[in-house]
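J.: need the 3D shape of this:
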Amino acid sequence: MNPSEKGYFKRIGNIHSKNQTNYIRLFDAIDRQESYDEKALKEEFANEAFTKQFSVAKNYLYKLILKSLEAYHSDTESEINSLINQANILNRKALFLQSQKLLKKAKNLAYKHEQLQYVIPINRCLETVYIQICKLEEIEELFDQLIKEEFVIYKKLHNEGDYRRKTSKAYFLHMKVGYAAGNPTYMKMLEDLRADLMDEEDCLTIKSQFDFNRFYFLYYSMLLEPRQAVIHTNNMLALIEEYPDIAFKGYRRYVDIIYNHLISCLNIKDVQECERWVAKLKEIEKEVSEPLLSMRIFTYVQSVQFMMATTLDKVEEGDSYLKDFEKGIVEYESHISYQHKPPLFFLASYVHLIENNKQKALLWLEKALDVADFNFREDIISWVRIQELIIHFEMGNMLLLESKVRSAYRYLNKKERIHEVERLFMRFFRKLSNGVSSGDLNKMLLRLEEDTRRTIDENEAERSYFAHFDIIAWLRSKIEHKTLKQVLLERRSDIEEEVWSAY
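T.: Sure, this is the predicted structure:
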């Protein structure tokens, strides 16, 4: 609990009985401990009656804390539920006019915040009120109005559910396979989802509009069309700004949309927009006190900063981004979700590789591989397997390379479809593990670069690999005997010269 939550809990406890105050004392004693020590607690409260059943006391304290937190973190839905419960109590006490007043307030909140699912129980409670306070002809008319209203509500809820279902399916497809462009199977799955998705003008609620835009952000992201994707992330941000009572619903949704927007901005190389929204996430992090949300913001900020460091514009910032990461990861690593660990750790490994810190690059890649069997983003996990071979090659671990190549082959062969770039690199490392001379190695690297360039030029699906790793830059670094960072910085200088020469 944060300090304000603790203060609230103690204020609530202090207005109750002496027994409650004893639990406050127990809470304070636990809070003072650096790590939980039950033996020390029993000794401290040896003369207190409640310690005779200490497990019961702990369980009761736990429930008190949860009730306090529930009250402290109450939101609109909690308020609506509370108003409905209070109205039902008033009905049972025959205080129907007071009940009607609360139900009117609850219904206004439900419409204002588009919590339409609560209109149905509100109307059921209103039926009881109308029966008691209205004339027969009025009751008939009022019931008819309630039923018509409910038909409209059911239609809107069904509309919301349909958009949410399609968006969820697109999200889980993206989480499973990553990019779909160029893959006939995944393209068909994506197009099937889109085929019977209604148009935006068919959205009956703001929530439906939100999910419509989220679907198309995912759709265009998977098709590698970031300029289309960014239109829809901008639309979602605009909805939050225009309808904060409906679309905002706490920082979590806002933070997720900012991250989606950042991904789209990265893909169109809009670095200024990325910096602006990363700064916004850092501002939000200072305002929130929820550990889960703080961890989520940390994960998003670090991922985006690492992706910026692997583009041509922020290569020099990589070392400072790594320092930020290492400062925060100690607190958050054990809580980061399975979905976010592999890409975040992979990116940390990639930036360490650019900084020529191969040992740490291997450390974070191995952490990514620890969760790589999780059914998630097969495009990223596939490249993680190949990046492991690259790092071992960089470190000169040639004895390990043969077994690592076999392991990578086993994983890739389980996939529905192996990319040609993956085949090229696997053939290269398999030959390499058998031993080659330096002269032959240079020829192999040149041949691999030529084949990779041709494959990427000829096949759109193969181009997605540049979203994970600059393959050509790494090959150039080996051919020219330079660090990866040198090659990336030189390439940026060449681009800048071309831009200036055009003026």
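J.: and for the closest residue to Phe54 other than its chain neighbours, the neighbour number?
T.: In space, Phe54 comes closest to Lys42 once its chain neighbours are excluded; the distance is 6.3 Å by Cβ to Cβ, 6 or more residues apart in numbering. Every C-beta, even on glycine, is put in place using the N, C-alpha and C of the backbone. Using other Cβ atoms under 10 Å, the number of residues around Lys42 comes to 12.
J.: the stretch 201-350 of the chain: strands as residue ranges?
T.: In the stretch 201-350 of the chain, no strands are defined using DSSP state E, counting those that start in this stretch.
J.: about what we covered before: give me the contact list for the host helix or strand of the residue nearest to Phe54.
T.: Following DSSP states H and E, one finds Lys42 within helix 38-44. Residues from elsewhere that reach helix 38-44 (Cβ atoms under 8 Å, 6 or more residues apart in numbering): 26, 29-30, 33, 51, 54.
J.: thinking again about what came up before, per-residue pLDDT, the residue nearest to Phe54?
T.: On the pLDDT scale, Lys42 is placed at 81.
J.: before we move on, the earlier item: hmm, which of the contacts of helix 38-44 are the buried ones?
T.: The neighbour-count test (16 or more other Cβ atoms under 10 Å) marks 26, 51 as buried among the contacts of helix 38-44.
J.: secondary structure class for the residue nearest to Glu138 when sequence neighbours are not counted?
T.: Leaving aside its sequence neighbours, Glu138 sits nearest to Tyr130 (Cβ to Cβ, 6+ apart; 7.4 Å). On the three-state scheme (DSSP: H, G, I helix; E, B strand; the rest coil), Tyr130 is labelled helix.
J.: in the stretch 351-500 of the chain, where is pLDDT below threshold?
T.: In the predicted model, the stretch 351-500 of the chain carries pLDDT under 70 at residues 372-376, 416, 464-467, 492-500.
J.: let's see it at 80
T.: Residues of the stretch 351-500 of the chain meeting the criterion pLDDT under 80: 371-379, 414-417, 433-436, 438, 459-468, 491-500.
J.: now the helices for it?
T.: 358-370, 378-395, 398-413, 420-433, 438-458, 471-479, 484-501 (DSSP state H, counting those that start in this stretch).
J.: a markdown table please, covering those and showing distance to Pro184.
T.: Shown next, in a markdown table, are the helices of the stretch 351-500 of the chain (distance: least, Cβ to Cβ, whole Å):
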| stretch | distance to Pro184 |
| --- | --- |
| helix 358-370 | 28 |
| helix 378-395 | 15 |
| helix 398-413 | 19 |
| helix 420-433 | 15 |
| helix 438-458 | 16 |
| helix 471-479 | 23 |
| helix 484-501 | 33 |
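J.: so which of those helices has the densest surroundings on average?
T.: Of all the helices of the stretch 351-500 of the chain, helix 378-395 carries the top mean neighbour count, a mean of 22, counting by mean count of other Cβ atoms under 10 Å.
J.: before we move on, the earlier item: distance from the chain centre to the helix holding Lys42, please.
T.: Mean-position distance between helix 38-44 and its chain equals 41 Å (Cα atoms, centre = their mean, to the nearest Å).
J.: buried set for the helix or strand just after it?
T.: The helix or strand immediately downstream of helix 38-44 is helix 54-72, counting by DSSP H and E. Buried residues in helix 54-72, counted by 16+ other Cβ under 10 Å: 57-58, 60-61, 64-65, 68, 72.
J.: and if you look at stretch 135-147?
T.: Across stretch 135-147, burial judged by 16+ other Cβ under 10 Å covers 142-143, 146.
J.: now, which of those lie within helices?
T.: Counting by DSSP state H, those place 142-143, 146 in helices.
J.: out of these, flag the one nearest to Asp324.
T.: Closest approach to Asp324 among those (Cβ to Cβ): Leu146, at 55.7 Å.
J.: got a list of what that closest one touches?
T.: By Cβ under 8 Å, 6+ apart, the contact list for Leu146 reads 123, 126-127.
J.: now do the domain split for the protein, please.
T.: Domain assignment for the chain by automatic domain parsing gives 3-72, 337-503.
J.: any chance of these in TSV, plus distance to Arg214?
T.: Shown next, in TSV, are the domains of the chain (distance: least, Cβ to Cβ, whole Å):
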stretch	distance to Arg214
domain 3-72	29
domain 337-503	17
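J.: between the ones you listed, which gets nearest to Lys176?
T.: Among the domains of the chain, the nearest to Lys176 by Cβ to Cβ is domain 337-503 (6.3 Å).
J.: now do the phi/psi pair for Glu225.
T.: As for Glu225, its main-chain torsions (degrees, to the nearest 10) stand at phi -120, psi 70.
J.: wait, I meant Ser289
T.: Taking degrees, to the nearest 10 as the convention, Ser289 sits at phi -120, psi 0.
J.: and for it, the neighbour number?
T.: The tally of other residues near Ser289 (other Cβ under 10 Å) stands at 11.
J.: what pLDDT is listed against Ala502?
T.: You'll see Ala502 listed with a pLDDT of 31.
J.: just to revisit the earlier point, and which of the buried residues of helix 54-72 is nearest Gly178?
T.: Tyr72 (39.8 Å).
J.: where do the helices sit along the stretch 151-300 of the chain?
T.: 184-195, 206-222, 226-242, 251-267, 271-287, 291-309.
J.: relative to Ser99, which of the ones you listed is closest?
T.: For these, proximity to Ser99 was assessed by Cβ to Cβ; helix 206-222 is nearest, at 28.8 Å.
J.: who does that closest one touch, helix- and strand-wise?
T.: Under the contact criterion of 3 or more Cβ pairs under 8 Å, 6 or more residues apart in numbering; DSSP states H and E, helix 206-222 touches helix 136-177, helix 184-195, helix 226-242, helix 251-267.
J.: so can I have CSV of the helices of the stretch 151-300 of the chain showing mean pLDDT and mean neighbour count?
T.: CSV is the format used below for the helices of the stretch 151-300 of the chain (pLDDT from 0 to 100; neighbours: other Cβ atoms under 10 Å):
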stretch, mean pLDDT, mean neighbour count
helix 184-195, 89, 14
helix 206-222, 94, 23
helix 226-242, 94, 18
helix 251-267, 91, 21
helix 271-287, 92, 15
helix 291-309, 92, 21
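J.: of those, which is nearest Lys105?
T.: When these are ranked by proximity to Lys105, the top entry is helix 206-222, at 21.2 Å, counting by Cβ to Cβ.
J.: give me the residues contacting the closest one.
T.: If you take Cβ under 8 Å, 6+ apart as the criterion, helix 206-222 is touched by 114, 156, 159-160, 163-164, 166-167, 170-171, 173-174, 177-181, 186, 190, 193-194, 197-198, 200, 203, 226, 228-229, 232-233, 235-236, 239, 243, 246-247, 260, 263-264, 267.
J.: relative to Gly439, how far out is the spatially most central residue of the chain?
T.: For the chain, Asp256 is the residue whose C-alpha lies nearest the centre (Cα atoms, centre = their mean; 5.9 Å). Taken as Cβ to Cβ, to the nearest Å, the spacing of Asp256 relative to Gly439 amounts to 52 Å.
J.: just Ile65 next, same as before
T.: Applying Cβ to Cβ, the value for Ile65 to Gly439 is 70 Å.
J.: swap in Glu490?
T.: Taken as Cβ to Cβ, the span from Glu490 to Gly439 is 25 Å.
J.: now do Ala309
T.: Here Ala309 is placed at a distance of 34 Å from Gly439 (Cβ to Cβ).
J.: wait, Lys341 sits on Leu365?
T.: No: contact criterion Cβ atoms under 8 Å: Lys341 and Leu365 do not qualify, at 11.9 Å.
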